[in-house]
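attaching a predicted model along with its sequence, questions to come.
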Amino acid sequence: MIFGTADTVTITNDGGANDDSTDENTFLLGAVTTTTAANGTLEIAVGADEDLTVTIGAITIGGDISTSNVSHLAQTVTVATGAVTLGGDLTVGNAASTAATAFTITGAATITGATMVLGGAAAGTAGLTVTGNATFTGGLAVTGGSADGGKATATLGSTSINFGTGTGAVLTNGAAGTDGATLLFNGSTAAQEVTGKIDGVADGEGVITVRNVNGTGVTFKSAIGSANDVGTINVGDATGAGDAVFDSTVGATAIAVDATKGASTATFNDTVAIGAGGLTVTSTTTDTATATATFNKAITVTVGTTAIMGNVTFGNSGAATEKHSLGAGAVTINTTDSTIVAASKIESTGAVQLAGTADKTTTINIKKTSTFNPTDADGNGTAGEATDVVLSTAGVIAAPTGKVKI
């Protein structure tokens, strides 16, 4: 389909098919282009009939694409066989629907303007999926809706993802919950590389989830949370395992490395700041899969807890004064036949608990003078006592010879 420079083409199911088919709610189009590189707008809107399904071969237009869903019906748009190249904006919106709006691009996406994924005002979700290489020159905004359940998700599975040099990717939960806005990296055939910063619209907004274990998984080349901390970073979760490398600074309310569905690994090559959600490293209790986290520069946990059930390395970048601060939150180490290595100083003022089991061994190797000086964990009015460091009674920790090495 070719339309003119200033034209706006609207696809909607208003009760009459206009693609020569007999189906009023399914539209099959070939390539969609404009006659010149400038302008031209494609609008896709659910009418008052039934769920709308639109399949397009490829899109090359100079203007905008928008989906709007003001009914309570589902909307599915798939660019099935080609790339999407836009000179303007891409808006995947779900203004007032309780059903889902989904926009899938199976080829490459090159969006010059802004890309916006907007959750609904009536608990309807909005999702953008790109399986080819993606360039969001004007940035990507993932914004939860104004109602609980109106979640927005951008799922990116390509080998190369670029959020541009401006605002980058910005996550906003809205009223849709703490996971109202999610960036999901789930490449299934190759490693992924992500360029361009990622921020919350304010501290603690949004979720980044990695479910890619191919090669090095996902490598984030740019800063995360440099303007405002993101909410949670998940490397692996209850759905799938993940591997990630973070080459720049990271700021997040919480970081979780989860091996529930398979071995998961996170490597941080620059400084890391974690807020109230704390650090969690979780392996399977049967030792079938291990979670591994490596911090090659200083990590700071401000007020959150630290729970380790896996392999953790607190590395040393070479700075003589470098230290890892676990703050005033509780530190819990559960044995899972794992290893904890501290090449730099560690400081913690929270309660420390070593929780062992009779058939597991944890090796703790602290290479520089470190301070575990808990506050009054046992509540007797005196801080820093031996009784403020809690050892389990499972035998492995309480009798550390051959089991726990410090």
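Yep, that arrived.

how does this protein divide into domains?
1-185, 271-406 (automatic domain parsing).

and those domains as CSV, adding distance to Val250 and mean neighbour count?
Quick note: C-beta positions are derived from backbone N, CA and C, even for glycine. Shown next, in CSV, are the domains of the chain (distance: least, CB to CB, whole Å; neighbours: other CB atoms under 10 Å):
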stretch, distance to Val250, mean neighbour count
domain 1-185, 14, 20
domain 271-406, 5, 18
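
least reliable of these going by mean pLDDT?
For those, the weakest mean pLDDT is recorded on domain 271-406, namely a mean of 71.

turn the domains of the chain into JSON lines, columns for distance to Ala202.
Formatted as JSON lines, those follow (distance: least, CB to CB, whole Å):
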{"stretch": "domain 1-185", "distance to Ala202": "8"}
{"stretch": "domain 271-406", "distance to Ala202": "12"}
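
packing partners for the helix or strand that Val245 is a member of?
Using DSSP states H and E, the element containing Val245 is strand 243-246. Packing partners of strand 243-246 (3 or more CB pairs under 8 Å, 6 or more residues apart in numbering; DSSP states H and E): strand 218-220, strand 264-268.

just the mean pLDDT for the shortest one, thanks.
With pLDDT averaged residue by residue, strand 218-220 scores 97.

just checking: what are the partner strands of it?
strand 192-195 (parallel), strand 243-246 (parallel) (DSSP bridges).

Ser226: which of those strands is closest?
Closest to Ser226 of those is strand 243-246 (CB to CB; 12.2 Å).

and the residue nearest to Ser283 when sequence neighbours are not counted, how far is that from Ser264?
Of all residues beyond its chain neighbours, the one nearest Ser283 is Gly310 (4.2 Å), with distances taken as CB to CB, 6 or more residues apart in numbering. Separation of Gly310 from Ser264 (CB to CB, to the nearest Å) stands at 9 Å.

same check on Ser68?
In terms of CB to CB, Ser68 sits 38 Å off from Ser264.

cool, Gly93 as well?
Counting by CB to CB - Gly93 and Ser264 are separated by 34 Å.

related to what we said a few turns ago, can you say which of the helices and strands packed on strand 243-246 is nearest to Ala276?
Judged by CB to CB, the one of the helices and strands packed on strand 243-246 that comes nearest to Ala276 is strand 264-268, at 19.0 Å.

which secondary structure elements does the closest one contact?
Using 3+ CB pairs under 8 Å, 6+ apart, strand 264-268 sits against strand 230-235, strand 243-246, strand 250-258, strand 291-295.

dump those strands to a markdown table, plus distance to Thr98.
As requested, those are exported to a markdown table (distance: least, CB to CB, whole Å):
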| stretch | distance to Thr98 |
| --- | --- |
| strand 230-235 | 25 |
| strand 243-246 | 34 |
| strand 250-258 | 29 |
| strand 291-295 | 37 |
